[in-house]
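1. dropping the sequence and predicted coords here.
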Number of protein chains: 2
Amino acid sequence: MRSTATITDVANAAKVARSTVSRVFSQPSRFRPETVTRVQVAAANLGYAPNPLAKALSTGTAAAIGIVVPDIGNPFFPPIIHTAGLCATRFEIAVLIADTEETASREASAMEKLATRTDGIILVSSRQSNAAVLQFASRVPVVLINRDIPGIPRVLISTKVGMTQAVEHLAGLGHTHIAYVAGPRRSWSNQERINAVLEACGRLHLDLTTLKATNPTYEDGMQVAGVLLGSRATAVIAFDDLVAQGIMAGLAAMGTPVPKDMSVIGCDNLVASRTYPPLTSIDSRASEAGTLAVELLLQHADKDTRIVTESDLVVRSTTVKPRRT
Amino acid sequence: MRSTATITDVANAAKVARSTVSRVFSQPSRFRPETVTRVQVAAANLGYAPNPLAKALSTGTAAAIGIVVPDIGNPFFPPIIHTAGLCATRFEIAVLIADTEETASREASAMEKLATRTDGIILVSSRQSNAAVLQFASRVPVVLINRDIPGIPRVLISTKVGMTQAVEHLAGLGHTHIAYVAGPRRSWSNQERINAVLEACGRLHLDLTTLKATNPTYEDGMQVAGVLLGSRATAVIAFDDLVAQGIMAGLAAMGTPVPKDMSVIGCDNLVASRTYPPLTSIDSRASEAGTLAVELLLQHADKDTRIVTESDLVVRSTTVKPRRT
DNA sequence: TAGTTGTGCGCAACCGGTTGCCAATACTTG
DNA sequence: CAAGTATTGGCAACCGGTTGCGCACAACTA
């Protein structure tokens, strides 16, 4: 049993009532300076720190938030968790974490568990139905990241601008036929990305081949490289960096030099700087989303708040003029 | 204010005392079946779930643990957090997380904060002094990961066996002069790795050149590639995958083909499968450490418990026979 | 029938804080 | 100098659980 000094110990040591100790910390101006210092000294001597659980119980607020992600192992999420944690500590708030392993049922139970311990939950890339999330959000403060459900405050990590820039960049280099390798069909991100590509290609009169990586993984990227070579595309935009990395590996394995024979653009800018050649990618500033979501949660943001982050193309070494045919 | 049913509500609904409700859940055999079902029905109707904070306050155990890491963004840590979380949920225990941004002072304050909310802390790759950690561990249950402090239960992610295998693998291929690119001088991992390499090289009569990546990063790996080429080594073992990846990029940039002109081996097997060519690396099974640490913590493991994980060389495509000189 | 034992359940204190309310003392003010 | 107003700080209830203890009643023994 850990023996921490309690408010009663401090009260005894300072010869005051427990309530006085409590209030010395919350409203010191209510007491004469002498009393305040007497209590503070006693507290310091005993190494007193208020018990957050007891405080939570009596005040009704836990000074903690929960963050629920599908998979901590996915490099997309840690930066979000990181900034969320940073922001939370600024507010002296603890962060509980839950990993749902990409399943809706685990997600639901994790949220239920966290709900009773926290003041609210940040739900990242939820795998549950709109209805389930809405029902939950009606009981517990929730902020969504990368899920666009009207009626729940949300921050969306957009790559629309970056995707558009990517297509324009390729068009500017002289490409006339490009490919887009899509990610998970139903995800908000994929919808947004493909729409942006479609729009830009239409506007700039580029031919577009759409391919599919069933899962947004390195392996599926490698697979798709073969199909890609069968098309007439001279450049490819991948759903994310991982897929792009797989495509580059697949192309390399088939003896197609990047970028000479195929320009490649990734998305999320997660591993882009560490590939060889360094990958042109779209920086979605996903990490900002963590901070924003925490702020929204703590401010009890309006149910219709909807923040969309910015994005930029980061040109590195995988995009060049198409080889003359 | 969230309106959850409390034990009092259930008691009223079931026409029993609050204590009865509490005990119906903890020791149902003490009551006649009729009473048990009456309470259970009432609880179900009201959607009652016990408040973990209240329970924590009255029992003195929070049913939560804390996990403190230097940097969630470092891909080494998420797998550990993931398995730790998995294990914790098996025990119906919540996980609080803190990111110390690689600084000892933040680490200290984070531990202090978590201590009052949890039943114990898993401290991963601590940046604090032995003395500071020991002092803290004397007040709060602590389990260390990747830090070897006698007197505190710890699990060490060892790559000794894998490193030895790596050297043997290179020797078997015919290499006679290899290089090791070291990581952070003071880290336990680096010590262990370099010692294993030294031992194996001595035993197998290989020449060894030791180089240094000041920080274990991609960039420092790139830098070191030039120095590496200046040596006579035909193969290089890097402190970790990130450095190896940087080395590969550096070599590629200087026109040295991997593996033909230089064999490369990484460590941690984190990104190894996604490089091109796929990187031969050492799998340290770091993720197991998360599970082990949680179990140690919850079992109040003996202060002298010291678990060392296994490791294996995973041969991929970056290691071949040395080119004839 | 009285005494013993056992079963089933409630009373009330406690965990460590917060907070509404009020009593005692000090300080103004007419 | 008495009455009114601040100032200071204590009492006690409450948050939502857990748990030691004991009472009431039924069943069993003698």
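-> Alright, I've got the coordinates.
2. what about the strands in the stretch 201-325 of chain A?
-> A:207-212, A:235-238, A:263-265, A:281-283, A:306-308, A:312-314 (DSSP state E, counting those that start in this stretch).
3. tell me which of these is the most buried.
-> strand A:235-238 (a mean of 30; mean count of other Cβ atoms under 10 Å in any protein chain shown). Bear in mind the C-beta positions are built from the backbone N, C-alpha and C, glycine included.
4. which helices and strands sit right next to it?
-> Applying 3 or more Cβ pairs under 8 Å, 6 or more residues apart in numbering or on different chains; DSSP states H and E, we find strand A:235-238 packed against helix A:160-173, strand A:177-182, helix A:241-253, strand A:263-265.
5. contact partners for the residue nearest to A:G266 when sequence neighbours are not counted?
-> Of all residues not flanking A:G266 in the chain, A:A244 sits nearest, at 3.4 Å (Cβ to Cβ, 6 or more residues apart in numbering or on different chains). For A:A244, the contact set (Cβ atoms under 8 Å, 6 or more residues apart in numbering or on different chains) comprises A:G221, A:V236, A:A238, A:V264, A:I265, A:G266, A:C267, A:A272, A:T275, A:L279, A:S281.
6. how about the residues of the stretch 51-200 of chain A near chain B?
-> A:51-54, A:56-57, A:60, A:62, A:64, A:71-73, A:75, A:78-79, A:81-82, A:85-86, A:89, A:94-99, A:101, A:110, A:112-117, A:139-140 (Cβ under 8 Å from any Cβ of the partner chain).
7. give the buried subset of those as a PyMOL selection command.
-> Per 16 or more other Cβ atoms under 10 Å in any protein chain shown, the buried members of these correspond to this PyMOL selection:
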select buried, chain A and resi 51+52+53+54+56+57+62+64+71+72+73+75+78+79+81+82+85+86+89+94+95+96+97+98+99+101+110+113+114+115+116+117+140
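8. for DNA strand C, tell me which of the residues of the stretch 51-200 of chain A next to chain B show up nearby.
-> A:N51, A:A54, A:L57 (Cβ under 7 Å from any atom of the strand).
9. work out for me the element the second one sits within.
-> Spelled out, that is A:A54. Element membership for A:A54, per DSSP states H and E: helix A:52-59.
10. so A:I72 sits against B:A84, correct?
-> No. Contact criterion Cβ atoms under 8 Å: A:I72 and B:A84 do not qualify, at 9.9 Å.
11. nearest to DNA strand D, out of the strands of the stretch 201-325 of chain A?
-> strand A:306-308 (32.5 Å; Cβ to the nearest atom of the strand).
12. now do the helices in chain A.
-> A:7-14, A:18-26, A:33-46, A:52-59, A:78-90, A:104-115, A:130-137, A:160-173, A:188-204, A:218-230, A:241-253, A:286-298 (DSSP state H).
13. and the fourth one, anywhere near DNA strand D?
-> Yep, that's helix A:52-59 we're talking about. Yes. Residues of helix A:52-59 are located near DNA strand D by Cβ under 7 Å from any atom of the strand, namely A:A54, A:L57, A:S58.
14. where does chain A dip in pLDDT?
-> Across chain A, the ranges flagged by pLDDT under 70 are A:1-3, A:324-325.
15. most centrally placed residue in it?
-> Centroid-nearest residue in chain A: A:I80, 3.8 Å away (criterion: Cα atoms, centre = their mean).
16. residues touching it, list them.
-> Per Cβ under 8 Å, 6+ apart, neighbours of A:I80: A:V69, A:V124, A:I145, A:A286, A:S287, A:A289, A:G290, A:A293.
17. the fifth one: neighbouring residues, count only.
-> Using other Cβ atoms under 10 Å in any protein chain shown, A:S287 has 19 neighbouring residues.
18. might one say that it is in contact with A:G85?
-> No. A:S287 lies out of contact with A:G85 (Cβ under 8 Å); the separation is 11.1 Å.
19. just to revisit the earlier point, out of the helices of chain A, which is the most enclosed?
-> helix A:241-253 (a mean of 25).
20. how far away is the nearest residue to A:T275 once chain neighbours are set aside from A:I7?
-> Distances taken as Cβ to Cβ, 6+ apart put A:Q245 closest to A:T275, at 5.6 Å, once the chain neighbours are dropped. Counting by Cβ to Cβ, to the nearest Å, the gap from A:Q245 to A:I7 is 56 Å.
21. contacts only, for A:A64.
-> A:A56, A:I93, A:A94, A:V95, A:L96, A:R117, A:T118, A:D119, B:L96, B:R117.
22. ditto for A:E107
-> So A:E107 contacts A:V68, A:P70, A:T100, A:L123, A:S126, A:R127, A:Q128 (Cβ under 8 Å, 6+ apart).
23. surely the third one touches A:P70?
-> Yes. Under the criterion of Cβ under 8 Å, A:T100 is in contact with A:P70, at a separation of 5.5 Å.
24. how about the helices of chain A, which one is nearest A:V314?
-> helix A:160-173 (8.5 Å; Cβ to Cβ).
25. what's the angle from the closest one to strand A:207-212?
-> 130 degrees (axes from the mean of the first three to the mean of the last three Cα atoms, to 10 degrees).
26. got the contacts of A:A244 as CSV, with distance to DNA strand C columns?
-> Converted to CSV, these look like this (distance: Cβ to the nearest atom of the strand, whole Å):
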residue, distance to DNA strand C
A:G221, 53
A:V236, 58
A:A238, 52
A:V264, 56
A:I265, 53
A:G266, 49
A:C267, 47
A:A272, 47
A:T275, 52
A:L279, 51
A:S281, 48
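27. out of those residues, which one sits closest to chain B?
-> Nearest to chain B among those is A:T275, at 8.0 Å by Cβ to the nearest Cβ.
28. A:A94 and A:A88 touch, don't they?
-> Yes. Using Cβ under 8 Å, A:A94 makes contact with A:A88 at a distance of 7.0 Å.
29. overlap of the contact sets of these two?
-> A:I65.
30. save the contacts of A:E107 as TSV, and put in neighbour count too.
-> TSV is the format used below for the contacts of A:E107 (neighbours: other Cβ atoms under 10 Å in any protein chain shown):
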residue	neighbour count
A:V68	25
A:P70	20
A:T100	25
A:L123	31
A:S126	25
A:R127	21
A:Q128	20
